[in-house]
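J.: quick one: sequence and predicted model below, then my questions.
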Amino acid sequence: MQTQEGVLKAPYQYSLIQKYIFEDLPLIAMNVARIGAQTPGMAYEIADGEPHFVTIGFGPMNWLLITPDIPAPGGFRAFDEIYIADEEVEESEGDILLYFSSGYPKLNRELAKQVGELFGQDGELIEEVEVEGGEHSDISEMKEQVLIEDPNYLDQAQSCFLSTHRFLTNDRTSADLPQHRYNYKAESESGDYILTFDKNPSKLEEYSEALTHPPATRGLFFIPSLDLLTSLRMGGIRLGSLAINARWKGH
């Protein structure tokens with residue numbers, strides 16, 4: 001099994017992060033999954049040899065709908081709403097995460113445009129952040145902390161979880177978890193955007209609850225391995241115990 005390229009590789013100079021939600025998700029979850037699964041291939045064609053990566057993440061409800069019999073490990077669920085510094089912070093949201101990175105903003109934008117067209121009216125873009133540079137942990141040196149390697153979840157080996165936090169100020173909360181940290185500027189606001197990685201979603205929730213400043217938004221996503229993601233292109237997971245015919249194996 002392989003990780004998605006954007007997990008172990010440091011981002012390129014320019015990155016674009018998007019989060020979508022879908023009103024009728026139970027009816028279209030597998031179609032959303034197929035679009036996500038084909039996005040790396042689309043990126044390869046659009047990039048035409050330029051270095052880039054695409055990372056695709058699925059929110060808790062989306063992943064549960066895709067894999068109802070075997071959910072992701074670690075109690076994967078949305079972060080509950082909390083209070084930080086006496087300010088209410090909404091629960092985490094997002095049904096799918098798109099994280100594009102390359103040497104050219106136009107390349108990221110073109111890919112995002114094509115994916116958005118595939119989602120059509122079913123998808124609502126709830127967050128979009130364009131960033132440059134940033135500070136990045138060397139996750140390739142922290143694989144044991146980030147990547148799932150559990151004999152009870154063999155199908156999800158080399159997968160991980162990722163949380164997002166968008167701040168309207170500079171955040172300096174210390175963390176012992178691998179992160180990609182960005183400063184961003186939009187038309188009407190600026191602040192920090194932080195992606196945090198771990199193999200256990202409860203660790204990400206603990207980090208979120210320990211923040212010193214309330215974030216404007218939060219998200220939590222399962223980042224399947226590249227093999228697991230690719231299996232969704234055919235409309236269902238076909239690996240190991242998650243295979244459609246798994247119940248017949250050994251008979």
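T.: Alright, I've got the coordinates.
J.: what's the host helix or strand of R109 packed up against?
T.: Applying DSSP states H and E as the criterion places R109 in helix 105-119. In terms of contacts (3 or more Cβ pairs under 8 Å, 6 or more residues apart in numbering; DSSP states H and E), helix 105-119 is packed against strand 14-22, helix 25-47, strand 52-58, strand 96-102, strand 123-132. For glycine as for every other residue, the C-beta is placed from the backbone atoms N, C-alpha and C.
J.: what angle separates the longest one from strand 96-102?
T.: If you take axes from the mean of the first three to the mean of the last three Cα atoms, to 10 degrees, helix 25-47 sits at 10 degrees to strand 96-102.
J.: alpha carbons only: can I get helix 25-47 in PDB?
T.: Coordinates of each C-alpha in helix 25-47 appear next as PDB, following Å, rounded to 0.1, in the frame of the first residue of the first chain:
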ATOM      1  CA  LEU A  25     -24.900  13.200   0.700                       C
ATOM      2  CA  PRO A  26     -26.600   9.900   1.500                       C
ATOM      3  CA  LEU A  27     -27.900   9.700  -2.100                       C
ATOM      4  CA  ILE A  28     -24.600  10.700  -3.800                       C
ATOM      5  CA  ALA A  29     -21.800   9.600  -1.500                       C
ATOM      6  CA  MET A  30     -20.400   7.100  -3.900                       C
ATOM      7  CA  ASN A  31     -20.500   9.500  -6.800                       C
ATOM      8  CA  VAL A  32     -18.600  12.000  -4.600                       C
ATOM      9  CA  ALA A  33     -16.100   9.300  -3.700                       C
ATOM     10  CA  ARG A  34     -15.600   8.400  -7.400                       C
ATOM     11  CA  ILE A  35     -14.900  12.100  -8.300                       C
ATOM     12  CA  GLY A  36     -12.400  12.300  -5.400                       C
ATOM     13  CA  ALA A  37     -10.700   9.100  -6.500                       C
ATOM     14  CA  GLN A  38     -10.300  10.300 -10.100                       C
ATOM     15  CA  THR A  39      -8.900  13.700  -9.100                       C
ATOM     16  CA  PRO A  40      -5.200  12.600  -8.900                       C
ATOM     17  CA  GLY A  41      -5.400  11.200 -12.400                       C
ATOM     18  CA  MET A  42      -7.000  14.400 -13.600                       C
ATOM     19  CA  ALA A  43      -4.200  16.400 -11.900                       C
ATOM     20  CA  TYR A  44      -1.600  14.300 -13.700                       C
ATOM     21  CA  GLU A  45      -3.100  15.100 -17.000                       C
ATOM     22  CA  ILE A  46      -3.600  18.800 -16.300                       C
ATOM     23  CA  ALA A  47      -0.100  19.200 -14.900                       C
END
